[in-house]
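**Q** Give me a model of this one.
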Amino acid sequence: MRLKIINSIFILFSLFLFFSCSQEDKYNDYRLFIRNNTNQVLQIETFKDNISINMATLQSNGAGLECNLFDVRLISYDLCDNIDSIKFVFPNGKGYLCSIGDDESLCFGNEITPWSLNEKFINTSSNIYEFTINQEDYENANDLP
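**A** Next up is the predicted model:
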């Protein structure tokens, strides 16, 4: 009888440990911005299925196009309001066109897109990231269609 009680206590203790110590996936909430670190005004337009859904104007050193991502493990603008393209345009008409899944897009270069964490995303504080457009980006901008 004593052994049965000890076994029952052991089983209950084991179940308690199992349920109280199980590790949940760690999800984070993120805030994303685009930062204009050029000396120029920057127009940003977002698209979904070739339809313009948002337009913003960023002054020099300005930030905008905020996106809040909740309970995710990825940092990417494609998770924001179903965006599939972002167009960055400087006053001279040059800029960048970044489209998901378009290897021929006029984006910033291989692996340098707003669709995945890369060197253009700067962590400004805990879980706040800025996709930074700099003066070199202005100087190397593409002729846009």
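**Q** For this protein, which segments count as helices?
**A** Applying DSSP state H to the chain gives helices spanning 2-21, 135-139.
**Q** I'd say I34 and F131 touch.
**A** Yes - assessed by Cβ atoms under 8 Å, I34 is found in contact with F131 at 4.9 Å. Using the backbone N, CA and C atoms, a C-beta is placed for each residue, glycine as well.
**Q** Between those two, which contacts overlap?
**A** By Cβ atoms under 8 Å, 6 or more residues apart in numbering, I34 and F131 have these common neighbours: P114.
**Q** where among the helices of the chain is the average confidence lowest?
**A** When the helices of the chain are compared on mean pLDDT, helix 2-21 scores lowest, with a mean of 52.
**Q** Quick check: beta-bridge partners of the closest residue in space to N82 that isn't next to it in sequence?
**A** Leaving aside its sequence neighbours, N82 sits nearest to K48 (Cβ to Cβ, 6 or more residues apart in numbering; 5.0 Å). K48 has the following beta-bridge partners by DSSP bridges: I51.
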